[in-house]
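In: task: produce atomic coordinates for the following.
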Amino acid sequence: MSEPPAEQSSMWEKTKQCADQAEKVMASKTRELPSEEFLRWNNHYSPKYDRCFIEIRHMLRIVSPNAKHDGVVFTGQTGLIGTELQDAFERKSMAWIDPEADGKSLNKRYCKLDDETADCGKTQNFVAEHMKN
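Out: Presented below is the predicted three-dimensional model:
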């Protein structure tokens, strides 16, 4: 059964507001980054939570080991630093997933939920749930 027109209009408006806010947040975040870091992201308005979320993938440009700061040589490769879930309107980080969070190695990996160290599987499910529903 489809939603009544008023609910569809409200959902569309909230989705549009979410996209607009995500653009503002990401423009601000991008200005604050070091030159070798960049972001890939997508936003989602969640009707279940009535919130706007941004999934942000922090990426690092791989440079040659002998490059000088002024003459950084980009090798064409990138590496994932981590994935963050952020509430777009509160501008609050809700989760962080370390890129090594695959269960194979416990060295130097961590995940966070609401600024607390958390199980990485639980954190990955949390992010997926909030970006889907």
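In: all strands of the protein, in order?
Out: 37-46, 51-63, 74-87, 92-97, 111-113, 116-118 (DSSP state E).
In: now the longest helix seen in the chain: mean pLDDT?
Out: If you go by DSSP state H, the chain has its longest helix at helix 5-31. When pLDDT is averaged over helix 5-31, the result is 89.
In: with stretch 115-131 instead?
Out: So the average pLDDT for stretch 115-131 ends up being 93.
In: distance of residue 84 from residue 92?
Out: 11 Å (C-beta to C-beta, to the nearest Å). C-beta here means a position set from N, CA and C on the backbone, and glycine is covered the same way.
In: for residue 133, same thing?
Out: 19 Å.
In: what sits against the residue nearest in space to the middle of the chain?
Out: Central residue of the chain (C-alpha atoms, centre = their mean): residue 56, 1.7 Å from the mean position. Counting by C-beta atoms under 8 Å, 6 or more residues apart in numbering, residue 56 touches 26, 29, 39-41, 83-86.
In: distance to residue 51 added to the residues you listed, as CSV?
Out: Listed next are these as CSV, based on distance: C-beta to C-beta, whole Å:
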residue, distance to residue 51
26, 17
29, 18
39, 20
40, 21
41, 16
83, 18
84, 15
85, 11
86, 11
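In: many thanks, we can stop here.
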